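**Student:** Take a look and give me a structure for this.
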Amino acid sequence: MTVDIAPSEPVAGTTGKPPLEILLCAPRGFCAGVVRAIDVVERALAIYGPPVYVRHEIVHNKYVVESLKRKGAVFVRELDEVPDGGAPVIFSAHGVAKTVPANADSRGLTTIDATCPLVTKVHREAEIHHKRGRHVLLVGHSGHPEVVGTMGQLPKGSITLVEDLDQIEALTPENPDNLAWVTQTTLSVDDTRHIVDALKQKFPTITGPHKDDICYATTNRQEAVKQVAPLVDALIVVGSSNSSNSQRLREVAERVGCPITRLVLRAEEIDWPAFEGIRKLGLTAGASAPEVLVEEIIDAFAARYDVMVDTVSTVIEDMVFPLPRELRSEAAE
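**Tutor:** Below you'll find the predicted structure:
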């Protein structure tokens, strides 16, 4: 993998401020699935007018959610909070269990599915394995909406969640020769590799996906952090605390030895004493964090330091996902 470092450019330069070089990870921030999910809400608002209901956070970023609220989106935890009528209900990018759209249909609600296509891919894999008689092992984090949605694709008892190596040791499936594994899309690449290797060692005939389930954006952002974190005194991940991929970025930075790592949503959350004396700062953003928040963090440091910014680029992303059919221009018209 080649790493390109863009030339430094000054952001601020006031005499008397200590120097600070910021290494800006690229890629960072919004992935194609998040862009699509936000576009789904905004397009639905344009077509139907407010309110548009969204089950759970469309993506795990409070700044994005609050912005969409101001435009007329109403976020609910469950469908029973949605009144009867013509207002559409959008399912979040993390996906939902099969019972959710079934319940919506039984009430005659208009639904729009903003599930990331890469999450839908995992759903389809799990269904195929189940139809072929395999018990499915899902590598993921308990309680995460994506995990809840994936487990909800199959009948109860036909899919088992695996969170760590200890759980693998305790696994005693009825038919150990007829198993399959899938994963949550936003996991740590390295942690997941260890878990999958352990599954293969214990169950040599286990079947896996043809292509890794961890999404391209999660992989790319973690790789960029691996390149930057050893070079800096501290690293900030811009993102929400409930964002799985953002939390994994912070863990990756810690694992490769970065002495100070922080996950922050806004500049107001920066723990300034923790950054005293640093000369190089790494900066990245989770896949659901908008670039405006990255710029806000840079501006906050520029107010206190004589800042120079270098961009460390590990790969160019060009993935684009189309909107759901009912929201495309020709269909909407």
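**Student:** per the record, what domains does this protein have?
**Tutor:** As assigned by the TED database, the chain contains the domains 19-30+216-313, 33-113, 117-214.
**Student:** winner for burial among those domains?
**Tutor:** Comparing the domains of the chain by mean neighbour count (mean count of other Cβ atoms under 10 Å), domain 19-30+216-313 comes out on top with a mean of 20. Every residue, glycine included, has its C-beta placed from N, CA and C.
**Student:** Can I get the domains of the chain in TSV including distance to residue 325 and mean pLDDT?
**Tutor:** Listed next are the domains of the chain as TSV, based on distance: least, Cβ to Cβ, whole Å; pLDDT from 0 to 100:
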stretch	distance to residue 325	mean pLDDT
domain 19-30+216-313	23	97
domain 33-113	10	96
domain 117-214	13	96
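**Student:** Reformat the ones you listed as TSV; add distance to residue 328.
**Tutor:** Formatted as TSV, these follow (distance: least, Cβ to Cβ, whole Å):
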stretch	distance to residue 328
domain 19-30+216-313	20
domain 33-113	9
domain 117-214	15
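**Student:** Out of those domains, flag the one nearest residue 329.
**Tutor:** Checking the domains of the chain against residue 329 by Cβ to Cβ gives domain 33-113 as the closest, at 9.1 Å.
**Student:** what ranges do the strands span in the chain?
**Tutor:** Assigned by DSSP state E, the strands in the chain fall at 4-5, 9-10, 19-26, 52-55, 73-76, 89-91, 111-113, 135-139, 159-162, 179-183, 234-238, 261-264, 280-285, 306-313.
**Student:** between those strands, which one is nearest to residue 220?
**Tutor:** strand 19-26 (9.1 Å).
**Student:** Put the alpha carbons of the longest helix seen in the chain into PDB.
**Tutor:** Taking DSSP state H as the criterion, the chain has its longest helix at helix 32-48. This file holds the C-alpha atoms of helix 32-48, laid out as PDB (Å, rounded to 0.1, in the frame of the first residue of the first chain):
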ATOM      1  CA  ALA A  32     -21.100   5.700   0.700                       C
ATOM      2  CA  GLY A  33     -23.700   4.000   3.000                       C
ATOM      3  CA  VAL A  34     -23.900   7.100   5.300                       C
ATOM      4  CA  VAL A  35     -24.200   9.500   2.300                       C
ATOM      5  CA  ARG A  36     -27.000   7.400   0.900                       C
ATOM      6  CA  ALA A  37     -28.800   7.200   4.200                       C
ATOM      7  CA  ILE A  38     -28.700  11.000   4.800                       C
ATOM      8  CA  ASP A  39     -29.800  11.500   1.200                       C
ATOM      9  CA  VAL A  40     -32.700   9.200   1.700                       C
ATOM     10  CA  VAL A  41     -34.000  11.300   4.600                       C
ATOM     11  CA  GLU A  42     -33.500  14.600   2.700                       C
ATOM     12  CA  ARG A  43     -35.000  13.300  -0.500                       C
ATOM     13  CA  ALA A  44     -38.000  11.900   1.400                       C
ATOM     14  CA  LEU A  45     -38.500  15.300   3.000                       C
ATOM     15  CA  ALA A  46     -38.400  17.000  -0.400                       C
ATOM     16  CA  ILE A  47     -40.900  14.600  -1.900                       C
ATOM     17  CA  TYR A  48     -43.400  14.100   1.000                       C
END
